[in-house]
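Undergrad: I'd like to go over a predicted model; first the sequence, then the structure.
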Amino acid sequence: MLTIERALVDKIVAHARADHPDEACGIIAGPIGSDRPTRYVAMTNAERSPTFYRFDSLEQLKVWREMDDRDEEPVVIYHSHTATEAYPSRTDISYASEPNAHYVLVSTRDPEETEFRSFRIVDGEVTEEEVTVVDSA
């Protein structure tokens, strides 16, 4: 189960809406082993694509080094789908390389409604998990 603050959900959704029609992406870091997302980091979709995302490699290196320096790990890795449901694509599954991360997907296909879902992706296996939104941790 993913427990996440409403303010962080709002930031993810705002980023997804702002980058639409391209996919948005980023992470929420947290203390290693805590499973607690605390530090929001919006990242650049190097592909600038409505159907695919990829972290910019230099930006990713910088963010991962920052996490190392702060004893953090990527607790949430998020991106948006602009025309389809919030469910990992085959490409998303193949790129999932953080077994402890919650993979959050937001669909911006409907301007009035937001689909916000979380998954665990380990060794190509996708498991949807419950999302609990709290006012503060």
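TA: Great, that's in hand.
Undergrad: contacting residues around Pro99?
TA: Under the criterion of Cβ atoms under 8 Å, 6 or more residues apart in numbering, the neighbours of Pro99 are Val122, Asp123. Just so you know, the C-beta spots here come from the backbone N, C-alpha and C atoms, and that holds for glycine as well.
Undergrad: That one should be in a helix, yeah?
TA: No: applying DSSP: H, G, I helix; E, B strand; the rest coil, one finds Pro99 to be coil, outside a helix.
Undergrad: List phi and psi for it.
TA: With angles defined as degrees, to the nearest 10, Pro99 sits at phi -60, psi -20.
Undergrad: any idea of the pLDDT on the residue lying closest to Ile32 once chain neighbours are set aside?
TA: Distance criterion Cβ to Cβ, 6 or more residues apart in numbering; nearest residue to Ile32, sequence neighbours excluded, is Glu73 at 4.9 Å. Looking at Glu73, its pLDDT is 98.
Undergrad: That'll do, ta.
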